[in-house]
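Novice: Compute the structure for the input listed below.
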Amino acid sequence: MRPLLLIQTGEAPDPVRAQFGGFADWFRAAMRLQPAQTRVVRVDEGEALPRPDGVPGAVITGSAAMVTERTDWSERTADWLRAAMDAQTPLFGVCYGHQLMTYALGGEVGWLPGGREMGTQMMTRDEHLSADWPKKLPISFSAHTTHRQAVLAPPPGVEILARSERDPHQLLRYAPHAISTQFHPEFTAACMRAYIDARADALREEGTDPDALRAGVRETEAARALLEGFAHAALDAPVRSGVRAIK
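Specialist: Take a look at the predicted model:
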């Protein structure tokens, strides 16, 4: 079995990583995959991506970088994502990956109105999804967030599947094989608390009480299951006429 591609676009802050390991560890744990079932490419460190038609699927991680910086490595990854969409490679973008997919496919990314969104937030799913997947999500579910930039306008024809009170574009579906989340399905509650602790000074400067955010953190099983479901569907799906269907 070919391993699932994990496109890593950054890394956790040092204090968080010291406690919980790095992004690749978090994603593998959330997807319930062994190291041999994933291939990690650090695009932010200049590592080259494989051909998009040569992988069963790809997950694009978050990053402390900003899509609007348009760094060379980010632009190259955006080119790869466009090619992956043409190849109908299953894709799941998270946070930076969510914004990069939108940017690559013709949408608009910029600063989230009102400033940073952080902590465990309530998401509301669209009740009238046209796709079978991911209807298993409940109408309301909790998810972990930490971001200052966001999708301001999705690409034409993209379905908006879920929103939070602050961000109307939390879960997008670009095609049957491609979705992205602004929220972090790979975070555990402990990771979310550690992120809040790492950003406590910045939060106070912005007028947000980190202790209140910390007290509101809870586990997010439905969001986590979304990522796990994608990973196993991508790895298990048969190739039919060059297309992998995610259900």
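Novice: C-alpha from now on. contacts and neighbour counts both.
Specialist: Will do.
Novice: What residues are bridge-paired with the spatially most central residue of the chain?
Specialist: Of all residues in the chain, the one closest to the mean position by C-alpha atoms, centre = their mean is Val94, 0.9 Å from it. Beta-bridge partners for Val94, by DSSP bridges, are Thr181.
Novice: need the strands for this protein, in chain order.
Specialist: Using DSSP state E, the strands of the chain run over 4-8, 38-42, 58-60, 91-94, 108-111, 117-125, 140-147, 149-153, 159-163, 171-175, 178-181.
Novice: TSV for these, including mean pLDDT and distance to Ala200?
Specialist: Below are the strands of the chain laid out as TSV (pLDDT from 0 to 100; distance: least, C-alpha to C-alpha, whole Å):
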stretch	mean pLDDT	distance to Ala200
strand 4-8	98	25
strand 38-42	98	28
strand 58-60	98	26
strand 91-94	98	23
strand 108-111	98	20
strand 117-125	97	11
strand 140-147	97	12
strand 149-153	98	18
strand 159-163	95	25
strand 171-175	96	27
strand 178-181	98	24
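Novice: Any figure for the gap between the residue nearest to the centre of the chain and Val59?
Specialist: 8 Å (C-alpha to C-alpha, to the nearest Å).
Novice: Where does pLDDT dip in this protein?
Specialist: For the chain, the stretches with pLDDT under 70 are 129-135, 238-247.
Novice: pretty sure Val59 contacts Phe23?
Specialist: No - if you go by C-alpha atoms under 8 Å, Val59 and Phe23 don't touch, sitting 11.6 Å apart.
Novice: Of these two, which one has the most company?
Specialist: Using other C-alpha atoms under 10 Å as the criterion, Val59 and Phe23 rank with Val59 on top: 26 against 21.
Novice: Spell out which residues sit in contact with that one, please.
Specialist: When contacts are counted by C-alpha atoms under 8 Å, 6 or more residues apart in numbering, Val59 touches 4-7, 91-94, 97.
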